[in-house]
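> got a structure for you, letters missing:
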């Protein structure tokens, strides 16, 4: 990648402060794009219909709405624009659904969906595999990120252009768990390395991107559609190592508990269809997703330029060659087969017992 403009010491301090504030407000299983300025709410947001009231009495003879609780990432983010859009434009309600959202971290979502405390949620595919192997009754029902979003990022001056060049480096990561940890092991494995071949610094507060900008680490994990985007807007370009060309790993998607799938199949299928409809519409017109996001989460409208950049990067990884051929949301069984085999081969992959793809995914809710 091209080398970005130089940043002075004072400039780096300002960048670090901005990113520190940004990452506190980050979202998703991987972090989102927080506000950093205060322009007025775009006028287009005011043209959206108001969120449907779930308290309104039903008309005589009408069918009661089916309640669905949906777990999204740990803080509201434009990365969830498809859900906000389907809610704002009334697609869920038109499908007979009364949808409420809750924000949780990925491990909590996996547990709550398995328990039936949430009807469905966003879960990392690399979290589903070990969870099912440990007996948590969930399945992956629709692909949201068709390209694996986790990356290792570094500034060009560090000279890290391949996984082999991570040897002996200092790398920041939130923890030795989850999708970023699996991704890192896959990158290192491809170069004949293990995590012990580099110095790993833990940032449980997700401050590894700030640490990278301050020079505390030479590389850091992040999400393709979040940290590198924000760093670029701050004038810091990054080299990215992506795992897709080494081994396919399943990105975040919609997960559902097996008992909920049996008891609410029609409602869940309607939810998936409405969500995929919104995804297709946002891909064609990103402003629609921004407007819905700003209407539901006004705080995010304070920095529309950053939100637009994050949304554009997010849309780019909703699709892959497989979903182009089979439609958004499609689950690639071949990629899942390879992912399961790879994770079971890792000494620290978290897969307690062998699992098959049939135990992990279902196509029952897809159009």
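Yep, it's here. Just so it is clear, the structure is predicted and the values come from calculations on it, not from any experiment.

> per-residue pLDDT of the nearest residue to residue 98 once chain neighbours are set aside, please?
Using Cβ to Cβ, 6 or more residues apart in numbering and skipping residues adjacent in sequence, the residue nearest residue 98 is residue 65, 4.0 Å away. C-beta here means a position set from N, CA and C on the backbone, and glycine is covered the same way. Looking at residue 65, its pLDDT reads 97.

> what's the neighbour count on residue 65?
17 (other Cβ atoms under 10 Å).

> and the lengthiest helix in the chain, how far out from the chain middle?
Longest helix in the chain by number of residues, with DSSP state H as the criterion: helix 265-284. With Cα atoms, centre = their mean, to the nearest Å as the basis, helix 265-284 stands 17 Å off its chain's centre.

> name the next helix or strand downstream of that helix, please.
helix 286-296 (DSSP states H and E).

> buried set for the helix or strand following that next one?
Next along the chain after helix 286-296, taking DSSP H and E as the criterion, comes helix 304-316. Residues of helix 304-316 classed as buried: 304, 306, 307, 308, 309, 310, 311, 313, 314, 315 (neighbour count, 16 or more other Cβ atoms under 10 Å).

> correct me if wrong: the second one contacts residue 233.
Yes. The criterion here is Cβ atoms under 8 Å, and residue 306 meets it with residue 233 at 6.0 Å.

> separation between residue 265 and residue 349?
Distance of residue 265 to residue 349, computed by Cβ to Cβ, to the nearest Å: 31 Å.

> looking at these two, which one has more neighbours?
Legend: neighbour count by other Cβ under 10 Å for residue 265 and residue 349, higher for residue 349 (19 against 14).

> returning to what we had before: can you list contacts of the longest helix of the chain?
66, 68, 70, 81-83, 85-86, 89, 91-92, 94-97, 99, 119-120, 141-142, 144, 254, 256, 260-261, 288-289, 311, 315, 318-319, 327-329, 364-367 (Cβ atoms under 8 Å, 6 or more residues apart in numbering).

> mind doing that once more with 7 Å?
The set of residues external to helix 265-284 that reach it, using Cβ atoms under 7 Å, 6 or more residues apart in numbering, is 66, 68, 81-83, 85-86, 91-92, 95-97, 99, 120, 141-142, 254, 256, 261, 288-289, 315, 318, 328-329, 364-367.

> can you select the buried ones among the residues you listed for me in PyMOL?
Of the contacts of helix 265-284, the buried ones can be selected in PyMOL as follows, counting by 16+ other Cβ under 10 Å:
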select buried, resi 66+68+81+82+83+85+86+91+92+95+97+99+120+141+142+254+256+261+288+289+315+318+328+329+365+366
